[in-house]
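Engineer: only the shape, not the letters, is given here:
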């Protein structure tokens, strides 16, 4: 293998690692932002993780569309009460596939709530994330979240882990 070929291979490897790190950071950032989104500014930060027409689908007609719509999900009284009593949105390490300027990831998420001096698991979900690169920056195009309740929907999301070009 020539020096040029080795350098090209190394550049490709670095690009893949950078994509993986950037996408993982977006997923990891969601939790702390969701746990501190008491006001409009905090909700906007969550919305800004998504594309202009991005979708966050929590099922059962609970869907946010666009920056404001995604942020508005966090203005729901249930979420406000969750934050007021103490919460932690924890994302698992994702499995990520990248193809050019599109990517997808599968991960788990857990939400802990503070209850009677203890933290208890309140929600455990499967997540499928779709990303697009816009002007050199990765953004969430679609996040689909389903409770891990044995349903076909949640299992279908987890099965999306079998995607090509895993990073």
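Structural biologist: Thanks, I have the structure now. Since we're looking at a predicted model, the values are computed, not measured.

Engineer: the residue lying closest to residue 72 once chain neighbours are set aside and residue 25: what is the separation?
Structural biologist: With C-beta to C-beta, 6 or more residues apart in numbering as the criterion, residue 72 has its nearest non-adjacent residue at 5.9 Å, and that residue is residue 64. In this view, the C-beta of every residue, glycine as well, is placed from N, C-alpha and C. Going from residue 64 to residue 25 by C-beta to C-beta, to the nearest Å gives 21 Å.

Engineer: between those two, which has more neighbouring residues?
Structural biologist: Ranked by neighbour count (other C-beta atoms under 10 Å), residue 64 and residue 25 place residue 64 first, with 24 against 10.

Engineer: just to revisit the earlier point, any idea how far the helix or strand hosting the residue nearest to residue 72 is from the chain center?
Structural biologist: Assigned by DSSP states H and E, residue 64 belongs to strand 63-65. Distance, stretch centre to chain centre, for strand 63-65: 14 Å (C-alpha atoms, centre = their mean, to the nearest Å).

Engineer: for residue 38, which three-state class applies?
Structural biologist: coil (DSSP: H, G, I helix; E, B strand; the rest coil).

Engineer: show me the contacts for the residue nearest to residue 72.
Structural biologist: Shown in contact with residue 64 (C-beta atoms under 8 Å, 6 or more residues apart in numbering): 47, 55, 56, 70, 71, 72, 73.
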